[in-house]
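> build me a model from this:
(2 chains)
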There are 2 protein chains.
Amino acid sequence: MAADPFPAPAHPWYVRGNMSKRTSFSKSALDGRSAGLRREFEEKLAALVEIPSVSMDPSRRTDVDKVARQACVLLRELGAHAECIPTAGLPLVLGQLAQDPKFPTVTIYNHLDVQPAEAEEWRTPPFKLVRHGERWHGRGTTDDKGPAVAALLGARLALQDGVRLNFQFLWETEEEIGSPSFQTALRRLADGDKHRAPLRTDSIVVSDTLWPQAGRPAIPYGLRGLVGFCVRLQTGAKDVHSGTTGGAARNPLGELCELINACYDARTGRVKIPGFYDDVRRSSAVERRCLSRAGFSRRRFQLAHGLASVRFPDDARLREAIMIAPTFEVHGLTGGYSGAGIKTIVPHLAEAKLSCRLVPDQRPERMFRLIQGFVRRHCRDAEVIHESSLSPYLVDASGPHLEAAQQAMFEAFGKRPALTREGGSIGAVVTMDRILRAPVVLLGLALPEHGYHAVDENFDWGQARRGIEMFRRYFARLAEIPRRS
Amino acid sequence: MAADPFPAPAHPWYVRGNMSKRTSFSKSALDGRSAGLRREFEEKLAALVEIPSVSMDPSRRTDVDKVARQACVLLRELGAHAECIPTAGLPLVLGQLAQDPKFPTVTIYNHLDVQPAEAEEWRTPPFKLVRHGERWHGRGTTDDKGPAVAALLGARLALQDGVRLNFQFLWETEEEIGSPSFQTALRRLADGDKHRAPLRTDSIVVSDTLWPQAGRPAIPYGLRGLVGFCVRLQTGAKDVHSGTTGGAARNPLGELCELINACYDARTGRVKIPGFYDDVRRSSAVERRCLSRAGFSRRRFQLAHGLASVRFPDDARLREAIMIAPTFEVHGLTGGYSGAGIKTIVPHLAEAKLSCRLVPDQRPERMFRLIQGFVRRHCRDAEVIHESSLSPYLVDASGPHLEAAQQAMFEAFGKRPALTREGGSIGAVVTMDRILRAPVVLLGLALPEHGYHAVDENFDWGQARRGIEMFRRYFARLAEIPRRS
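I've put the predicted structure just below:
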């Protein structure tokens, strides 16, 4: 677990607001070389987006391998040594561009696998990059292929500037399934062997997070964790007739509804499982005040995500429900009839697809055991199947990296970034923190309207162009930070 | 509503057990002509089963029309005048074989539409009649094409015997969707016009019910009703990310689980909606004792329906849960993710597919309003969509028809039939009772192991052969009952 960024009520870095005068926003800087990269950005993005690298779908295995090979092509164009590292699961792409062993090394993490996409729900084919004006549509454009290409081009500009930095790209293809092989693969790289020097880095930058609002740059200092699981209840061999058996036959869907209702209050989101909140770290009033500066507004949140209504009327409660509180979520309930109208059967099998987002200091293993025990006590013949675990995370805010990131984002986007906590989870971040023992910075470019994990996912040139610029400037600043001993 | 068969605590017909001596079971009678009909039965059944007449599926409209035309062919082979009567929905087949206006007329009701069938779940192609020994597999074999062919062949044997009876076949193609056009079409037939004499009948026989147990003949005197509905809750325009929005976004699936849990106790089946049981007619101790003779056993019930466990351990409570009590049932819950594993989205739309089986004197219209009001009070933005309504039914037991049916079944199957109440619903029965005002008898042939509404639906020659014989004998007895004035 990373260091607590709130050791004292008023931790310096988020109350200072210390944007240095000399690097204040300059429009001309932004209209420079990055503006000329649009066609190249589009070509590189298309090369990645048009490979349907859905890690969740075993039948897409070949596409995931293909996207990894395509990534190596892009990295070699930069001048890096690139290779696909086999793992127990899907491959990891490592690209290394070492200029001088005396320079500090930055590791740039992105992922090239994507969420599934059901084509009939999309307005454009999900695995075709389609441009509408300043915006590209396609699965993976914002999560996370667009930010990956932005970071790549930012690195190229920095190299052209003569930056005194070594680059190391870690492009994963298992992020959307909870990075099951990443830890073992990274540990092997960090240990090294007779053919390869141990992987070392001075800092890590991850571009896979969201701003709470367009036009309001933000840097998250926290991520929620996740424990994903299915609860399966089988009461018979086949669906039966609700007239002939109804009343006597158990209804596994009905029983799962009852179980879910016992687990949480769907209206408020409050989890009712005893002990669920025991390990949640209290947030100080200072932290809450700080988060209130992130520009979260109910109205804009609803608009961005297309939500007709939300759980609470006030901004603060909504913001804290995403940034500070853990959740219980129902993703799907299968079993029984799902066609048009009704079919009067009693289902014989039902499965609830569930997860909890976790916050510091909830540990996924302990939370899974807690939930499993509750479910078993509640419904003896229900089976609880573990799906994924990700630890929550807090950035180590003690060094100069976060400040460098704030400066770079300020210069590129013209606004002082807010410090936020992210509602999502990135398993690899915790793993890199533990194994590489280097400061992590989360420099995201996705906006709520980009449709992260949703239909019609998209990315826009405004975020891409300024993002490229942001990375260029961040890398320049990293070069000035002394190497770790 | 039909007359109450329990006007006094000890209604004569079900305590008498009055099987007459002269017609006691004779094995030789069964090994006669009906045994030679096996190939013909199979051919006629195949001609119907191999037309996928799924009334619920609009794309099967042509097949439903086709099955109606095929039914006319079968009826004309018998010598009947047959035609497809157009309705506002799917056609109704009317076959008339009038021998002499002085003879009584029996109306034989069956339905030729079937439940949907998902081929990948079946061991044999659902719309191909496949014989395994004495058993035919295929959608509609037991519900209700097999019994329809048995009644048809029973009529032919009776005609060959010189029975003094007129026959009238009403074969519906909308039973599985709640007979939405049957009432209007039947009313038109009953009114008659300048081209057609008003439809009249002296009695009605319906073969679309089940025995509680193989080898234990049964005649139901009651049917449950049904009110089917969907509850739909939309909280946004698209599924959203459970990290980015989780905690703040409403979860319509979670809220429907909570609503369903507020509606009923899934473990006991007890409905919690206030007023739900108000109109349920109390069963007398005599009736309950009578039903206990139907041979219902938990063990056999579980075996027949492939149920690993049931709601109650004791036979009586299970039997009454099916025969006497109304239900609340969850048929399916759509919305969110339904693929393998989990996908961490918050659904934007969820729909619960629900129904209640009703018992006398619950009226579907009133029950729908009651449920709708409860849902709306509980979850203001949920939409309640009415799907189907069927009234519960009790047979008029005052005339000689039920006794004739008991005798015929006794003679054909060699065992005194139990009188039961059916858990299922047949909307057309209530409609025929109301419009044709003639006594209805329910003479079913389906067994629990036939997989009514389930995968691998089947029918067996034992039930078919004795069923043909039963109908022959029943028609012979009907000819002896004086015409209604």
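
> against which helices or strands is the longest helix along chain A packed?
Longest helix in chain A, counting residues (DSSP state H): helix A:461-480. Applying 3 or more Cβ pairs under 8 Å, 6 or more residues apart in numbering or on different chains; DSSP states H and E, one finds that helix A:461-480 contacts helix A:27-30, helix A:38-49, helix A:146-160, strand A:203-206, helix A:401-413. (C-beta placed from N, C-alpha, C; glycine too.)

> again, 7 Å this time
Counting by 3 or more Cβ pairs under 7 Å, 6 or more residues apart in numbering or on different chains; DSSP states H and E, the packing neighbours recorded for helix A:461-480 are helix A:146-160, helix A:401-413.

> show me where chain A has its helices.
Ranges of helices within chain A are A:12-16, A:27-30, A:38-49, A:61-78, A:146-160, A:182-191, A:252-263, A:285-291, A:298-305, A:315-323, A:364-378, A:401-413, A:427-436, A:461-480, based on DSSP H.

> can I get the ones you listed in CSV with mean pLDDT and mean neighbour count?
Formatted as CSV, the helices of chain A follow (pLDDT from 0 to 100; neighbours: other Cβ atoms under 10 Å in any protein chain shown):
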stretch, mean pLDDT, mean neighbour count
helix A:12-16, 34, 15
helix A:27-30, 52, 12
helix A:38-49, 97, 18
helix A:61-78, 98, 18
helix A:146-160, 97, 24
helix A:182-191, 97, 18
helix A:252-263, 98, 25
helix A:285-291, 87, 17
helix A:298-305, 90, 18
helix A:315-323, 95, 21
helix A:364-378, 97, 17
helix A:401-413, 95, 23
helix A:427-436, 94, 22
helix A:461-480, 97, 23
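
> export the helices and strands packed on helix A:461-480 to TSV and tack on distance to chain B?
Below are these laid out as TSV (distance: least, Cβ to the nearest Cβ, whole Å):
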stretch	distance to chain B
helix A:146-160	15
helix A:401-413	19
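
> quick check: the nearest residue to A:P116 once chain neighbours are set aside vs A:R61, distance?
Leaving aside its chain neighbours, A:P116 sits nearest to A:V54 (5.1 Å; criterion: Cβ to Cβ, 6 or more residues apart in numbering or on different chains). Remark: distance between A:V54 and A:R61 (Cβ to Cβ, to the nearest Å) = 10 Å.

> interface residues of the stretch 151-300 of chain A facing chain B?
A:210, A:224, A:226, A:228, A:230, A:234-251, A:253-255, A:257-258, A:260-261, A:266-267, A:269 (Cβ under 7 Å from any Cβ of the partner chain).

> pick out the residue in the stretch 1-150 of chain A sitting closest to chain B.
Using Cβ to the nearest Cβ, the single residue of the stretch 1-150 of chain A nearest to chain B is A:M56, 6.1 Å away.

> could you pull up the residues touching that residue?
A:M56 makes contact with A:P116, A:E176, A:I177, B:G341 under the criterion Cβ atoms under 7 Å, 6 or more residues apart in numbering or on different chains.

> and of those residues, the nearest to A:P104?
Using Cβ to Cβ, A:E176 is the member of those that lies nearest A:P104, at 30.7 Å.

> that closest one is in contact with A:L112, isn't it?
No: when contacts are counted by Cβ atoms under 7 Å, A:E176 is not listed as touching A:L112 (10.1 Å).

> look at the two and report which has more neighbours.
More crowded of A:E176 and A:L112, by other Cβ atoms under 10 Å in any protein chain shown: A:L112, with 26 against 23.

> contact partners for the nearest residue to that one once chain neighbours are set aside?
Of all residues not flanking A:L112 in the chain, A:V67 sits nearest, at 4.9 Å (Cβ to Cβ, 6+ apart). If you count contacts by Cβ under 7 Å, 6+ apart, A:V67 has them with A:L48, A:I51, A:S53, A:L112, A:T173.

> do the same with A:M432
Contacts for A:M432 (Cβ under 7 Å, 6+ apart) come out as A:Y109, A:L186, A:I204, A:V440.

> per-residue confidence for the first one?
By that I understand A:Y109. On pLDDT, A:Y109 comes in at 98.
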